[in-house]
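>>> Build the 3D model from these lines:
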Amino acid sequence: MLVKLATTQQLRQYIASNALANARIEGIALTERLQKSLTDYVSDKKSIVKLIKEAKQRYAVNLIR
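Residues are numbered from 1 along each chain as shown. Predicted coordinates:
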């Protein structure tokens, strides 16, 4: 469904809501970190690129352990 959104924040909220819905459908647990990341994305504190970079860094650290 195509929705006209007035602001960047509204667009980001729409994207974040879809991501959460997809995660729930897939049975992915919604961690506090994921919720915080989405909140930071919606409020324009972090970009998707930054969030992906942080996730990759966490993943790499977990592989080393």
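>>> can you list contacts of the helix or strand of the chain with the lowest mean pLDDT?
Lowest mean confidence among the helices and strands of the chain (mean pLDDT, DSSP states H and E): helix 48-64, at a mean of 86. With CB atoms under 8 Å, 6 or more residues apart in numbering as the test, helix 48-64 has contacts from S37, D40, Y41, K46. (Each C-beta comes from the backbone N, C-alpha and C, glycine too.)
>>> If you tally nearby residues, what's the number for the second one?
Spelled out, it's D40. 15 (other CB atoms under 10 Å).
>>> Next: the first one.
In terms of burial, S37 registers 21 neighbours under the definition other CB under 10 Å.
>>> Report the spatially closest residue to it, excluding sequence-adjacent ones.
Excluding its sequence neighbours, the residue lying closest to S37 (CB to CB, 6 or more residues apart in numbering) is L51, at 5.2 Å.
>>> I appreciate the help and will end here.
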